[in-house]
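A.B. asks: The following comprises the amino acid sequence and a computationally predicted model.
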Amino acid sequence: RIVALLGTMCGCCLLMLTQPLSVSLLGVLYGLLSGVSQALYSVFGKKLTSRNAAETNTFYTFLFATLCSLIFISPIEIGTFVKDNLSLSITAFSFLVVLMTVVPYTLYIAGLKNTSVGVAGIICILEPIFASVLGFIVFSDPVNIWSILGIVIVIASLVFIELEEKILRKFEGVKNNARL
C-alpha cells in the first residue's frame, strides 16, 4: 500500500504541473486540514456504517456541517440572497447540494461497507483525475505530457493496490484451507 500511496501522491503532483504553481502557507494548511477531515470522515463513516444506513450518516454529517457553517455566515444574508435570486437558488441548490455533494458522500459511505478505509481513500485519489479531465473538456484547461503521466501513474497505483488485495485474499484462502 505504501508503493500505491507514493504512486498516487507523485501522480497528483504531476497533474499540478500544467500551470505555474503558487504555494501559500494558508493553502497548504487548508489542504492538510481537508485531508485530516476526509480521513476522519472515512474512519467514523466506516464505524457508523455497521449501525446506520449510508443515508442516515450522510444526513447527520450535513446537518452538523450546516450548523457549524452558520458560525461563518449570516442566515439573514442567505435569506435575502435566496429571496432576491429564487430561481438561481433552487437550481444551485439542486445541482450543487444534491447532485454534487449529497449523492457522492452517500455513495462513498455506502462503499465503505464493502472495503477498508485505506483502499477507499486511495480510490478517492481518482478525484483529481476526473477534475483534470472535466477541466480539459469543460474549461479547456491545458493538458501536457506531465498531466498524462500523472494520470497513468495514479491509475497504475490503483491497479497495483487492487492486485495486492486479490493476492492477499487468495493467500489467506490458501492458508485457511491448509489449516483444515
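C.D. replies: Sure, I can see it.
A.B. asks: Not counting sequence-adjacent ones, nearest residue to Glu55?
C.D. replies: Thr106 (5.9 Å; Cβ to Cβ, 6 or more residues apart in numbering). From N, CA and C alone the C-beta is placed, and that goes for glycine too.
A.B. asks: Spell out the residue ranges of the helices in this structure.
C.D. replies: Ranges of helices in the chain, per DSSP state H, are 2-15, 25-49, 54-69, 75-84, 86-92, 103-112, 117-123, 126-139, 145-179.
A.B. asks: can you redo the ones you listed as CSV with mean pLDDT and mean neighbour count?
C.D. replies: Rendered in CSV, the data for those read as follows (pLDDT from 0 to 100; neighbours: other Cβ atoms under 10 Å):
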stretch, mean pLDDT, mean neighbour count
helix 2-15, 85, 17
helix 25-49, 86, 13
helix 54-69, 85, 14
helix 75-84, 80, 10
helix 86-92, 76, 11
helix 103-112, 85, 18
helix 117-123, 76, 17
helix 126-139, 89, 13
helix 145-179, 80, 14
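A.B. asks: Phi and psi next, for the residue nearest the centre of the chain.
C.D. replies: Most central in the chain under Cα atoms, centre = their mean is Cys124, positioned 4.4 Å from the mean C-alpha point. The phi and psi values for Cys124, taken as degrees, to the nearest 10, are phi -60, psi -10.
A.B. asks: what's the answer for Asn144, then?
C.D. replies: Dihedral pair for Asn144: phi -130, psi -180, per degrees, to the nearest 10.
A.B. asks: Count the residues that sit near the residue nearest to it when sequence neighbours are not counted.
C.D. replies: Distance criterion Cβ to Cβ, 6+ apart; nearest residue to Asn144, sequence neighbours excluded, is Thr18 at 5.7 Å. Around Thr18 sit 17 other residues, with neighbours defined as other Cβ atoms under 10 Å.
A.B. asks: And the one 3 residues further on, by the same measure?
C.D. replies: The number of residues packed around Leu21, counting by other Cβ under 10 Å, is 8.
A.B. asks: Would you pull up how far stretch 158-165 lies from the middle of the chain?
C.D. replies: Relative to its chain's centre, stretch 158-165 lies at 19 Å (Cα atoms, centre = their mean, to the nearest Å).
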